[in-house]
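Peer 1: Below: sequence and its predicted model.
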Amino acid sequence: MPSSNNKLSEICSNIPEVSLISSWLIQSPPSTPRNYPPALYYAVRQRIRLLDLYFLDGSDLDWYLRIAKDNPKVKFTEFLKSLGEILLSQVPELKINTVFSTVFNGSNPKKIEDAFYKNPVFFAASLTPVHVDRIGKELVAGLAKHYEGELFGLRPRFGALATFWPMISLTEDEDKKELAGCRKAAVKALQNCLYLAKRIGCNHVEAVGGSAVPEQTDAQETERNVVAYREKRKEAIIKSIEEIYNVDDLANIFNRKKEDIESSLPFMCLEAEPGAGYLFKDAESIIEVINRLGSDTLAKKKTLMNVDVAHFFLIDQYNEIKRKKGSKVAKKQIDVIKRRKKLVGHMHLSDHTRAHASDLTPGTYHFFNNYKPWLDLATELCNRRDVNFSNIIAVELEAVNDVFEATRAVAKIRGWLENLRLKNQEKAQNSRKQRNSFQFPLSEGALLAVDIGKSTEAIITRFKGVENISGAITALCDVIYDNNGSVLSFTGDGVIAFFDKNHFLDVQDAIKFAGNAARSLGCEVIRRIAPIGDNEITLRVALHYGKICVPTTGELRHQAIGPEVVRVTRVLDWITKQIEPAIPPSNRNSVIATTAEFWNRIQDINQGIVRRGGFRKRDFKKWGEHHLKGLPKKSVLYLEKRFIPR
């Protein structure tokens with residue numbers, strides 16, 4: 001009979017989640033702004049709950065411009081001029097650019113708009129943190145608004161942010177004339193992308209290395225030494241990466257103290273592109289650049305690798321062709337990466353027709369056995385705590401323009417991963433060493449448990465009670481989704497929600513949104529239940545902070561598991577039995593209590609960072625230490641002052 005630890009490992013061992021990159025749908029620039037980027041809209045309508053945002057495709061630029069503007073009193077032409085002024089202040093090198101210097105000086109707003117369409121990197125570089133906040137807020141809200149799937153499980157969200165700013169590696173000699181300022185613009189764009197990634201709840205930004213061929217005609221004639229030129233490009237991208245992770249710049253963008261900025265920053269994942277004409281032509285070239293970054297620098301700590309499996313298929317194919325022509329035998333890319341697996345931050349998966357940029361549904365030309373080593377690698381990484389892997393495999397289908405094909409690709413990868421899990425589970429049962437070395441993958445964040453008091457009586461005594469309580473539960477889920485939380489368990493007349501700190505700017509941001517949700521729940525539920533006419537119905541809310549296990553597969557997929565889940569539900573019991581009876585029924589409405597673990601992480605305005613919304617520490621009163629059922633130690637609890645029993 002399998003041990004309890006083995007049984008838990010079967011339940012809690014994770015497989016990577018599968019995301020869809022929004023580049024699957026590319027359309028021509030629309031004539032009128034749309035309410036939401038089409039690639040995201042159609043995907044969530046098809047119940048795809050996890051997406052990588054491609055930022056940005058020119059066809060979505062109208063939407064981004066409209067959201068960034070967000071002030072009807074400002075004319076669009078004036079807004080474009082202001083973006084041009086911001087861009088010149090951020091990238092003064094553009095003032096000597098022979099093509100764009102007059103454009104961004106604001107002489108013609110239409111030319112500024114055309115320049116943004118032609119080179120979206122300039123738009124990305126012109127954004128201020130306020131613009132990014134608006135864009136991020138609308139992107140996240142749109143996922144929940146348009147999602148057609150079930151309310152239960154991890155909320156619709158973004159897994160990573162994909163970019164394409166190839167001018168990041170322009171050499172000093174190239175960064176002049178018509179290309180002057182382009183490298184610096186790419187640096188600024190990627191800094192803004194780091195902030196946008198955090199604002200939409202993800203921690204990985206994918207970046208390309210650009211070309212290894214001179215961009216300008218005159219440079220092509222003078223750069224005869226290919227090896228020397230590639231070295232210049234490497235030096236340029238190393239310089240750019242270190243500029244991207246400039247502490248002063250990022251502390252200003254993220255509105256954080258310098259000493260606190262590191263934990264807030266997403267990772268930048270460099271991607272290889274097959275072909276001798278690209279700077280990152282294989283895994284080895286990425287590893288070399290990462291190794292050359294300054295030791296113990298922020299850039300070194302935050303730079304990883306994005307593993308594009310289709311690209312590595314092509315690289316291995318090119319190497320095999322060269323081997324047959326007598327060249328030195330190159331190592332398989334999977335073997336190179338396995339030796340430096342801690343550098344893997346994210347993974348893309350697609351198929352190809354032996355040509356770059358022809359992304360197809362996996363399984364078209366390559367089959368399960370071809371992908372298996374890469375799937376095994378991703379599965380191993382997502383069950384380790386000593387790596388910075390996103391725990392996501394993103395399906396990349398560029399311009400497939402068919403949402404059903406995109407959905408089929410996502411389902412196929414999920415099926416492959418589930419098949420691998422079952423096979424690995426059988427092996428684990430026969431391996432004592434593997435069972436004993438298993439580490440449960442944990443997620444850290446704020447837990448919110450809510451219960452509708454007196455709901456059972458309402459359902460029994462009133463025919464319409466079920467309908468109204470059902471509406472109230474839906475309202476709970478809507479509020480939690482609106483505050484970037486996930487509903488992981490239903491409790492009959494309540495829910496347990498989780499606010500994963502990795503989906504927020506930082507821990508305090510997760511605390512703030514959980515607090516916002518707690519405060520909003522009472523109003524929404526009471527509004528839904530009001531038709532019942534029972535004033536004694538109340539809302540009990542418990543808040544806690546800790547680590548939980550959320551399996552991504554198996555019988556308990558997307559369920560919250562662990563002692564911290566027990567703790568937050570026991571706080572609800574405490575409210576029901578100890579606090580609520582002492583409050584007059586007409587004054588109850590919602591009763592909110594927190595553990596010390598949550599209360600200690602509330603960051604007041606006077607602690608250095610302006611936090612709008614959520615709770616303040618002084619909103620609560622310490623209510624002593626209490627024994628909670630089934631827990632060995634006493635818990636320090638706090639009660640919101642509005643509902644202190646007399």
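Peer 2: Thanks, I have it.
Peer 1: longest single helix anywhere in this protein?
Peer 2: helix 403-429 (DSSP state H).
Peer 1: What number of neighbouring residues does Lys301 come out with?
Peer 2: 14 (other Cβ atoms under 10 Å). Quick note: C-beta positions are derived from backbone N, CA and C, even for glycine.
Peer 1: Correction: the previous question concerned Arg408.
Peer 2: Look at Arg408: counted by other Cβ under 10 Å, it has 15 neighbours.
Peer 1: What of Arg157?
Peer 2: Burial of Arg157, expressed as a neighbour count using other Cβ under 10 Å, amounts to 21.
Peer 1: what's the answer for Thr128, then?
Peer 2: Other residues within reach of Thr128, judged by other Cβ under 10 Å, total 15.
Peer 1: So the residue lying closest to it once chain neighbours are set aside: helix, strand or coil?
Peer 2: Ranked by Cβ to Cβ, 6 or more residues apart in numbering and with sequence neighbours excluded, the top spatial neighbour of Thr128 is Ile86, at 6.4 Å. For Ile86, the assignment made with DSSP: H, G, I helix; E, B strand; the rest coil gives helix.
Peer 1: measure Ile86 to Thr102 for me?
Peer 2: Between Ile86 and Thr102 the distance is 17 Å, computed by Cβ to Cβ, to the nearest Å.
Peer 1: The two: who's more crowded?
Peer 2: A direct count of neighbours by other Cβ under 10 Å for Ile86 and Thr102 places Ile86 higher, at 16 against 13.
Peer 1: what's the neighbour count on the nearest residue to Tyr42 once chain neighbours are set aside?
Peer 2: The shortest distance from Tyr42 to any residue other than its chain neighbours is 4.7 Å, reached at Val403 (Cβ to Cβ, 6+ apart). The tally of other residues near Val403 (other Cβ under 10 Å) stands at 19.
Peer 1: what pLDDT does Val403 get?
Peer 2: At Val403, the model reports a pLDDT of 89.
Peer 1: wouldn't it be in contact with Tyr41 here?
Peer 2: No: the criterion here is Cβ atoms under 8 Å, and Val403 misses it with Tyr41 at 9.7 Å.
Peer 1: So which residues of the stretch 51-200 of the chain form helices?
Peer 2: Defined through DSSP state H, counting those that start in this stretch, the helices belonging to the stretch 51-200 of the chain, from first to last, are 61-69, 76-90, 101-102, 109-118, 120-126, 129-146, 182-199.
Peer 1: Can you say which of the ones you listed is nearest to Lys634?
Peer 2: Distances from Lys634 to each of the helices of the stretch 51-200 of the chain were compared by Cβ to Cβ, and the smallest falls on helix 182-199, at 36.4 Å.
Peer 1: quick one: contacts for Ser443?
Peer 2: For Ser443, the contacting residues are 498, 500, 502, 547-550, by Cβ atoms under 8 Å, 6 or more residues apart in numbering.
Peer 1: what are the bridge partners for it, then?
Peer 2: For Ser443, the residues forming beta bridges with it (DSSP bridges) are Ile548.
Peer 1: ok, now how distant is it from Arg385?
Peer 2: For Ser443, the distance to Arg385 under the criterion Cβ to Cβ works out to 11 Å.
Peer 1: picking up where we left off before, Trp374 versus the residue nearest to Thr128, what's the distance?
Peer 2: Computed with Cβ to Cβ, the distance linking Ile86 and Trp374 is 42 Å.
Peer 1: cool, and Leu170?
Peer 2: With the distance defined as Cβ to Cβ, Leu170 ends up 32 Å from Trp374.
Peer 1: out of the two, which sits in the busier spot?
Peer 2: Here Leu170 and Trp374 are compared on neighbour count by other Cβ under 10 Å; more neighbours surround Leu170, at 27 against 19.
Peer 1: ok, the more buried one touching Gly181?
Peer 2: No: under the criterion of Cβ under 8 Å, Leu170 makes no contact with Gly181, lying 9.7 Å away.
Peer 1: And the residue nearest in space to the middle of the chain, what's its pLDDT?
Peer 2: Centre of the chain computed as the mean C-alpha position; nearest residue by Cα atoms, centre = their mean is Cys202, 1.9 Å away. If you check Cys202, the pLDDT there is 94.
Peer 1: Doesn't it belong to a strand?
Peer 2: No: remark: Cys202 does not belong to a strand; assigned using three-state DSSP, it is coil.
Peer 1: how many other residues sit next to Leu79?
Peer 2: I think there's a mix-up here, since residue 79 is Phe and not Leu. Other residues close to Phe79 by other Cβ under 10 Å number 18.
Peer 1: show me what contacts it?
Peer 2: Contacts of Phe79 were listed using Cβ under 8 Å, 6+ apart, and they are 65, 68-69, 71.
Peer 1: Top of these by number of neighbours, please.
Peer 2: Neighbours here mean other Cβ under 10 Å. Within the contacts of Phe79, the largest count is held by Ala68, at 21 neighbours.
Peer 1: How about that one: what's its closest non-neighbour residue?
Peer 2: His131 (4.2 Å).
Peer 1: any idea how far Asp52 is from Asp386?
Peer 2: 24 Å.
Peer 1: more neighbours, those two?
Peer 2: When Asp52 is set against Asp386 and neighbours are counted by other Cβ under 10 Å, the residue ahead is Asp52, at 25 against 7.
Peer 1: Got phi/psi on Leu360?
Peer 2: Here the main-chain torsion angles of Leu360 (degrees, to the nearest 10) amount to phi -130, psi 170.
Peer 1: Over to the one 4 residues further on?
Peer 2: The phi/psi pair for Thr364 (degrees, to the nearest 10) reads phi -80, psi -50.
Peer 1: can I assume Phe236 is in contact with Glu172?
Peer 2: Quick fix: residue 236 is Ala, not Phe. Yes: using Cβ under 8 Å, Ala236 and Glu172 qualify as a contacting pair, with a distance of 7.1 Å.
Peer 1: Fine, thanks again, bye for now.
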